[in-house]
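Engineer: after the sequence you'll find the predicted model.
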Amino acid sequence: MKDDLMNKLMEEVMKKMGEVEETGTVAAATGKSSLTEFVGTAVGNTIGFVIANVDRTLHEAMKIDPKYRSIGILSARTGAGPQIFAADEAVKATNCEVVSCELARDTEGGAGHGSLIIFGAEDVSDAKRAVEVALNDLNRTFGDVYANASGHLEFQYTARASFACNMTLGAPIGKAFGIIVGAPAGIGVLMADTALKSANVELVGYASPDNGGTKYSNESMIFITGDAGAVRQAVYAAREVGKQALEALGGPCPPVTTPYI
């Protein structure tokens, strides 16, 4: 009975996060389409496109730098942090930049966000490559997202933040950077306090349901920087406390994929 309940919970959590095969395991990016603009799909109900030459009027309405005629699109129903950190890796690997990042009040009815990230590039091949890199990295960045029916936790870390994290989250370029997110929001506040007390890190930003651009999601989150070891230690401490709190509220909260931090 216990095993059946656990299996059912795992299946529901994975469905909520957007990618479940009939076996109950997280699916890889297997979406297919005959559209020439289509690049692929990934966990979190994330889809990627590339447009080689954006319509002039749309280009102006989107307020994209005129030098970028080609754009890559990363759009997700579930997740913002995983997509932003994946985009950060894409920027490092290609000759393009993130020109906009918008958070949608989504998570398919959950407590958090969806996201829309636009890459700008002078060459369409760079835009397409950026989307490919980001889609491929999402299986990693969803590794420290934990969820059950009552909420979710998210932890992200990079040893060297680049322009995507800088533009969207205020990360100092070239420095270690991490984010700590909890839903419901009270768990996020608890984790934030624990993290800041556990290691010598600098608080870059704080956001909550009615503060800091969360689109009224039921989340609290902090953004931290500092020595790489200290940032990781802060994340570890927050993760330990957050998992205990969320499991007390809603039972087991397994990771979506394989933890990487």
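Structural biologist: Happy to help now that I have it.
Engineer: strands of this protein, start to end?
Structural biologist: 38-42, 46-51, 70-76, 97-105, 113-121, 145-148, 151-158, 176-183, 202-207, 220-226 (DSSP state E).
Engineer: which strands and helices sit next to the shortest one?
Structural biologist: Judged by 3 or more CB pairs under 8 Å, 6 or more residues apart in numbering; DSSP states H and E, strand 145-148 is in contact with helix 2-16, strand 151-158, helix 228-250. All C-beta spots, glycine's among them, are computed from the backbone N, C-alpha and C.
Engineer: so for it, what's the average pLDDT?
Structural biologist: Here strand 145-148 scores 96 as its mean pLDDT.
Engineer: equivalent analysis for the first one, please.
Structural biologist: Model confidence over strand 38-42 averages 94 on the pLDDT scale.
Engineer: list the strands paired with it, with their directions.
Structural biologist: Paired strands of strand 38-42, with direction, are strand 46-51 (antiparallel) (DSSP bridges).
Engineer: got the contact list for the strand it pairs with?
Structural biologist: Residues outside strand 46-51 that contact it (CB atoms under 8 Å, 6 or more residues apart in numbering) are 18, 31, 35, 37-42, 70-79, 83, 124, 127-128, 131-132, 134-135, 138.
Engineer: also stretch 184-195?
Structural biologist: Residues contacting stretch 184-195 (CB under 8 Å, 6+ apart): 111, 150-151, 153, 180-182, 201, 206, 208-209, 218-222, 224, 234-235, 237-239, 241-242, 245-246, 249.
Engineer: which ChimeraX command selects the buried ones in those?
Structural biologist: A single ChimeraX command selects the buried members of the contacts of stretch 184-195 (16 or more other CB atoms under 10 Å):
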select :111,150,151,153,180,181,182,201,206,208,209,218,219,220,221,222,224,234,235,237,238,239,241,242,245,246
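Engineer: which of the contacts of strand 46-51 count as buried?
Structural biologist: For those, buried by 16+ other CB under 10 Å: 18, 31, 39-42, 70-79, 83, 124, 127-128, 131-132, 134-135, 138.
Engineer: list the buried ones in stretch 176-191?
Structural biologist: Result for stretch 176-191 [16+ other CB under 10 Å]: buried residues 176-185, 187-191.
Engineer: from those residues, which two are the most distant?
Structural biologist: A176 and P184 (28.0 Å; CB to CB).
Engineer: which residues sit in contact with the nearest residue to D123 once chain neighbours are set aside?
Structural biologist: Closest residue to D123 apart from its sequence neighbours, by CB to CB, 6 or more residues apart in numbering: S70 at 6.5 Å. Contacts for S70 (CB under 8 Å, 6+ apart) come out as 50-54, 120-124, 126-127.
Engineer: and those residues, which is closest to N166?
Structural biologist: Closest to N166, out of all of those and judged by CB to CB, is G120, at 15.1 Å.
Engineer: quick one, what contacts the nearest residue to that closest one once chain neighbours are set aside?
Structural biologist: Of all residues not flanking G120 in the chain, Y68 sits nearest, at 3.3 Å (CB to CB, 6+ apart). By CB under 8 Å, 6+ apart, the contact set of Y68 is 96, 99, 120-122.
Engineer: compare those residues and tell me which has the most neighbours.
Structural biologist: Of all these, the highest neighbour tally under other CB atoms under 10 Å goes to C96, namely 27 neighbours.
Engineer: and the contacts of Y68, which is closest to A87?
Structural biologist: Among the contacts of Y68, and counting by CB to CB, the member closest to A87 is C96, at 9.9 Å.
Engineer: hmm, who's touching stretch 96-106?
Structural biologist: 62-65, 68, 71-72, 77-78, 80, 84, 87, 90-91, 112-121, 126-127, 129-130, 163-164, 167-168, 213-217.
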